[in-house]
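**Student:** Need the 3D shape of this:
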Amino acid sequence: MEFNVFIELQTSGGYLLFYKVGVVAEHKGLYEQVDSPHPNLRRDSAELFIKEVIPPLLLTLVSYCIIY
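**Tutor:** From the prediction side, this is the model:
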């Protein structure tokens with residue numbers, strides 16, 4: 001199922017900007033967490049070992065209008 005997600009931003013210059021939000025699925029991720037080689041800087045907690053891929057978002061300007 002594909003969802004269409006849009007966001008709207010209001011600028012200080014009196015514009016409404018409408019963006020379509022997409023996810024770049026074929027991308028590996030935005031960052032990779034790597035442990036330090038120094039023992040005193042390594043992660044100890046189990047929660048810190050959870051690896052979640054954070055995909056990059058693609059914002060596409062769809063429309064805009066002047067509000068004042």
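**Student:** I figured Y68 hits Y15, correct?
**Tutor:** No. Here Y68 does not reach Y15: they are 9.5 Å apart, not a contact under Cβ atoms under 8 Å. Backbone N, C-alpha and C define where each C-beta goes, glycine included.
**Student:** Show me which of these two is the more surrounded one.
**Tutor:** A side-by-side neighbour count of Y68 and Y15, using other Cβ atoms under 10 Å, places Y15 first with 13 against 5.
**Student:** hey, what's the more buried one bridged with?
**Tutor:** I66 (DSSP bridges).
**Student:** Give me the distance between the two termini of stretch 42-53.
**Tutor:** 20 Å (Cα to Cα, to the nearest Å).
**Student:** Could you do stretch 42-61 as well?
**Tutor:** End to end - Cα to Cα - stretch 42-61 spans 42 Å.
**Student:** Identify the residues contacting that stretch?
**Tutor:** 7, 17-25, 27-31, 33, 35-36 (Cβ atoms under 8 Å, 6 or more residues apart in numbering).
**Student:** Can you report how many residues neighbour the residue lying closest to Y19 once chain neighbours are set aside?
**Tutor:** Closest residue in space to Y19, ignoring its immediate chain neighbours: L59 at 4.7 Å, by Cβ to Cβ, 6 or more residues apart in numbering. Using other Cβ under 10 Å, L59 is surrounded by 12 other residues.
**Student:** Please tell me how far L59 sits from G22.
**Tutor:** 8 Å (Cβ to Cβ, to the nearest Å).
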